[in-house]
Each structure stands twice: as structure tokens, then as C-alpha cells.
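Colleague: 3D model of this:
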Amino acid sequence: GDAYLMVEFGGEDSEDTCAQARRLIGKLKEASGKIVDYQLVDDEEKAGSIWAVRKAGLGATAFPPPEQQPHWPGWEDSAVPPDRVGNYVRDLKDLFQKYGYVGSLYGHFGQGCIHSRINFDLQSKEGVETYRSFAMEAADLVVSYGGSLSGEHGDGQARGELLERMYGPELIEAFREFKRIWDPQWKMNPGKVIDPYRLDENLRLIHYEPHQVETSFQFSDDKRSFARVAFRCVGVGKCRSDSGTMCPSYMVTREEKHTTRGRARLLFEMMNGDVITDGWQSEAVHESLDLCLACKGCKNDCPVNVDMATYKAEFLSHYFAPGAHRRPLFHYAFGFIDRWSRLASRMPALTNFVTQTPLLRNVTRQAVSMPQQRKPPVYAP
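Modeller: Now for the predicted structure:
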């Protein structure tokens with residue numbers, strides 16, 4: 001098979017849920033005799049691992065191997081009655097094939113809601129036109145099954161233009177009248193459900209015209225392009241959670257600009273050159289990256305492996321390039337700590353006098369931006 005199906009049971013206790021699972025397996029064997037394999041999981045830790053795989057679906061399908069071409073949520077979240085999922089998915093896959101698309105499908109089949117990411121070309125005019133045609137046909141397909149354009153997350157800009165295909169002109173006009181009563185000046189959330197933007201009108205990548213830049217790092221996972229690095233983040237927001245390592249600075253400040261996602265967004269705006277116009281010399285980007293500890297927690301925890309430590313190093317190499325910004329003293333103090341320590345070990349008495357004597361110690365720490373509660377090392381004679 002080319003998929004895994006995870007079925008979860010609830011019951012009075014472990015014995016009850018396992019009995020339900022065995023009954024299902026027995027019925028499936030009787031019905032088809034074609035079960036490839038199955039596993040009954042009744043271990044909490046193992047179940048947690050399986051759920052972790054499922055939860056990683058969005059990130060894992062964003063840049064799938066082997067090509068690692070970006071897959072986008074352009075037909076994410078369509079839903080049909082659960083007993084019609086099989087036929088709908090088959091027809092949807094046929095539609096993929098018709099338009100030359102490759103897509104990943106994941107959850108929640110039990111509720112009839114289909115999450116998907118598809119390799120739409122959203123950077124060329126022709127690619128966007130093809131995507132638009134696909135979306136129109138996919139909308140008609142899901143409606144033909146008595147389904148919904150949006151099963152879980154709402155319509156927004158991505159579905160607004162398609163709503164009339166699902167509700168029909170009479171209901172859409174009723175929506176318009178309702179909005180006119182409560183929002184006579186049309187100030188609230190314009191361009192969404194009523195008189196919506198076209199579904200291809202505000203795609204961020206079609207307007208993405210990044211600067212071509214030379215980099216110190218190769219970024220082999222991103223086709224050696226920092227422009228592509230800048231849209232690797234797909235906005236999952238796991239960096240805003242309190243689990244795992246990332247992002248330590250956000251856990252303290254609680255500001256979006258100190259999340260991995262916020263920093264990635266600023267890098268995207270920097271490369272696009274529309275909102276942030278001063279490129280590598282941007283103070284906004286520098287401020288956001290300044291509290292990044294370069295711990296590489298995001299490289300491990302982020303579902304799409306955003307590596308902010310490397311991006312920060314790349315940015316700073318340009319920000320502090322000759323003729324640009326001057327490095328602060330503490331960069332030299334700590335960046336060359338091996339050299340200073342070698343020198344200090346040759347005259348430990350003098351070094352210890354400067355760094356350990358109360359008054360001089362405070363001045364020294366302030367000069368190199370060392371927190372006053374930290375104690376410099378004592379060098380051995």
C-alpha cells in the first residue's frame with residue numbers, strides 16, 4: 001500500500017478498546033481478505049509516537065523528498081460525508097493526475113476531512129492559471145459529493161470566490177444582505193466571504209521578486225538559494241509552544257518577532273524588498289535575530305527544519321561586512337576568547353587582578369557586556 005490508516009477506539013478500558021479493534025480487523029478480513037498488515041497498539045508511549053508522526057503531517061509534506069519541491073495547501077481541508085471519502089479521494093487523485101500534480105493526503109478520514117499539500121506552481125503566471133482551473137474543478141467535485149470546501153479551518157481568501165459554487169446565488173445574496181445590516185460601511189474583514197478577492201489575487205509568491213544574493217553558506221537543502229530559504233517556514237507555529245527547545249527567546253519575551261516563524265517572516269520581507277527595503281543592513285531583522293541563541297532547537301523541533309542559527313550567521317556576516325556596521329566590543333571579547341585566554345595564561349596574576357578585584361571586575365564586565373552576576377574565570381598560575 002501507499003498509505004497508513006490509523007484507527008482510534010475509545011472505551012471503558014484497555015480490554016474494551018482492544019476488543020473493538022479486533023472485531024474491526026476480523027470484519028475487514030472477512031470482507032476482503034486483502035489486509036496487507038496491521039498492528040494493534042495499546043502502549044501509551046508507542047501511541048504517542050504514532051500521533052507525533054500524524055501531527056507532523058503538515059511539515060513533513062511541505063518539502064517532501066526526493067526533489068524537496070515545495071508543496072502548498074491550495075486544496076487543503078475539503079470535506080465530504082465519511083461514507084463517501086473513498087470515492088472522493090479516488091476522484092481527487094484522478095484530478096491531480098489530470099493537472100500533473102503530486103499531493104500528499106493525511107487525516108481526518110474518520111470525519112471526512114481531507115488535509116493535503118500539493119506541488120502547485122505558484123510562482124509563474126502559467127502555474128497560477130493552472131492552479132486556478134484545478135481549484136474550480138475541485139470545488140465542483142467536492143460539492144458533487146455533498147461536501148464542504150472547508151471542513152475545519154474556515155474559508156478566508158483561499159475559498160471565498162468558490163463559495164457560490166457550494167451555496168448557490170440565493171444564499172450568497174442572503175449573506176450579502178446580512179452583512180449590509182451589520183456592516184453598512186463595509187469596513188469589517190473586506191474581501192473574504194462577500195465580494196471576495198479572487199483566490200489567486202493575493203498569493204504571496206506570485207509577487208515574490210527576491211534579490212539574488214551571494215551567501216557564505218551553501219543551503220544545499222534549498223537549492224543553494226537564500227530566497228528559497230526565506231520561504232521555508234510554512235507558519236505551523238510550533239515555535240510558539242512551550243514544549244521542546246524552540247524558541248527560548250520567545251518563551252521569555254512572548255513577542256512574535258522572537259519566534260522562529262516571526263524571524264523567518266522578516267527574512268522573507270527582507271528578500272522581497274517591499275516592506276523591508278534595506279536588505280542585509282536592516283535594523284528590524286537584526287533586532288529580531290539578536291536574541292536568537294543559535295541553539296539550533298528549531299533545526300530539530302521545527303516540522304520543516306528551519307535552521308535559524310545558520311540564517312542568523314549568514315545575516316550577521318553581511319550586516320557586519322567591511323564598510324557596513326561596526327561590531328560591538330563583546331563580539332571580539334567572546335569571539336576570540338581562545339586567544340585572550342592563551343594570552344591571559346601567560347600573565348595570570350595581572351589578569352586575575354583585573355577580572356577579580358571588585359571595582360575593576362565590575363568595570364571589565366561592563367566594558368565587554370558581561371552580565372554583572374557572571375563571574376570571570378580565575379586563571380591558574
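Colleague: look up the closest residue to Tyr101, ignoring the ones flanking it.
Modeller: Spatial nearest neighbour of Tyr101, excluding adjacent residues (CB to CB, 6 or more residues apart in numbering): Ile118 at 5.1 Å. Using the backbone N, CA and C atoms, a C-beta is placed for each residue, glycine as well.
Colleague: list the contacts of the one you found.
Modeller: Contact analysis of Ile118 by CB atoms under 8 Å, 6 or more residues apart in numbering lists His71, Trp72, Gly74, Trp75, Phe96, Tyr101, Val102, Gly103, Ser104.
Colleague: ok, now which ones touch Gln123?
Modeller: Leu205, Ile206, Tyr208.
Colleague: and His71, what does it touch?
Modeller: His71 touches Thr61, Ala62, Phe63, Pro64, Val102, Gly103, Ser104, Arg117, Ile118, Asn119, Phe120, counting by CB under 8 Å, 6+ apart.
Colleague: strands of the stretch 101-250 of the chain, residue ranges please.
Modeller: Secondary structure of the stretch 101-250 of the chain, counting by DSSP state E, counting those that start in this stretch: strands at 103-106, 113-118.
Colleague: any idea which of those strands is most buried?
Modeller: strand 113-118 (a mean of 23; mean count of other CB atoms under 10 Å).
Colleague: pLDDT of that strand, averaged?
Modeller: The average of the pLDDT scores along strand 113-118 is 93.
Colleague: restricting to C-alpha, output that strand in PDB.
Modeller: Provided in PDB are the C-alpha atoms of strand 113-118 (Å, rounded to 0.1, in the frame of the first residue of the first chain):
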ATOM      1  CA  CYS A 113     -12.000  15.900   6.300                       C
ATOM      2  CA  ILE A 114      -9.000  15.700   3.900                       C
ATOM      3  CA  HIS A 115      -5.800  17.600   4.600                       C
ATOM      4  CA  SER A 116      -3.500  17.900   1.700                       C
ATOM      5  CA  ARG A 117      -0.400  19.600   0.300                       C
ATOM      6  CA  ILE A 118       0.100  19.700  -3.400                       C
END
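Colleague: redo the strands of the stretch 101-250 of the chain as a markdown table? Include distance to Thr215.
Modeller: Below are the strands of the stretch 101-250 of the chain laid out as a markdown table (distance: least, CB to CB, whole Å):
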| stretch | distance to Thr215 |
| --- | --- |
| strand 103-106 | 30 |
| strand 113-118 | 27 |
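Colleague: what's the closest of the ones you listed to Gln20?
Modeller: Among the strands of the stretch 101-250 of the chain, strand 113-118 comes nearest to Gln20, with 22.3 Å by CB to CB.
Colleague: right, and out of the contacts of His71, which lies closest to Asn352?
Modeller: Phe63 (52.3 Å).
Colleague: so what's that closest one scoring on pLDDT?
Modeller: Model confidence at Phe63, given as pLDDT, is 86.
Colleague: what of Gly33?
Modeller: On pLDDT, Gly33 comes in at 69.
Colleague: ok so, going back, from the contacts of Ile118, pick the one nearest Met246.
Modeller: Closest to Met246 out of these is His71 (22.7 Å), distances taken as CB to CB.
Colleague: bridged to the nearest residue to that closest one once chain neighbours are set aside, which residues?
Modeller: Nearest residue to His71, sequence neighbours excluded (CB to CB, 6+ apart): Arg117, at 3.8 Å. Applying DSSP bridges to Arg117 yields these beta-bridge partners: Ser104.
Colleague: Val304 - how many residues pack around it?
Modeller: By other CB atoms under 10 Å, the residues close to Val304 number 21.
Colleague: per-residue confidence for Asp13?
Modeller: 91.
Colleague: how far away is it from Lys27?
Modeller: Taking CB to CB, to the nearest Å as the measure, Asp13 falls 22 Å from Lys27.
Colleague: neighbour count winner among those two?
Modeller: Lys27 (10 against 7).
Colleague: distance to Val368 and pLDDT for the contacts of Ile118 - can I get that in CSV?
Modeller: Below are the contacts of Ile118 laid out as CSV (distance: CB to CB, whole Å; pLDDT from 0 to 100):
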residue, distance to Val368, pLDDT
His71, 47, 91
Trp72, 47, 91
Gly74, 51, 88
Trp75, 55, 93
Phe96, 59, 96
Tyr101, 56, 96
Val102, 54, 93
Gly103, 54, 89
Ser104, 50, 88
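Colleague: just want the phi and psi numbers for Val102.
Modeller: The phi and psi values for Val102, taken as degrees, to the nearest 10, are phi -120, psi 130.
Colleague: so what's the residue count around the closest residue to it other than its chain neighbours?
Modeller: Excluding the flanking residues, the one nearest Val102 by CB to CB, 6+ apart is Asn119, at 5.1 Å. Neighbourhood size, Asn119 [other CB under 10 Å]: 19.
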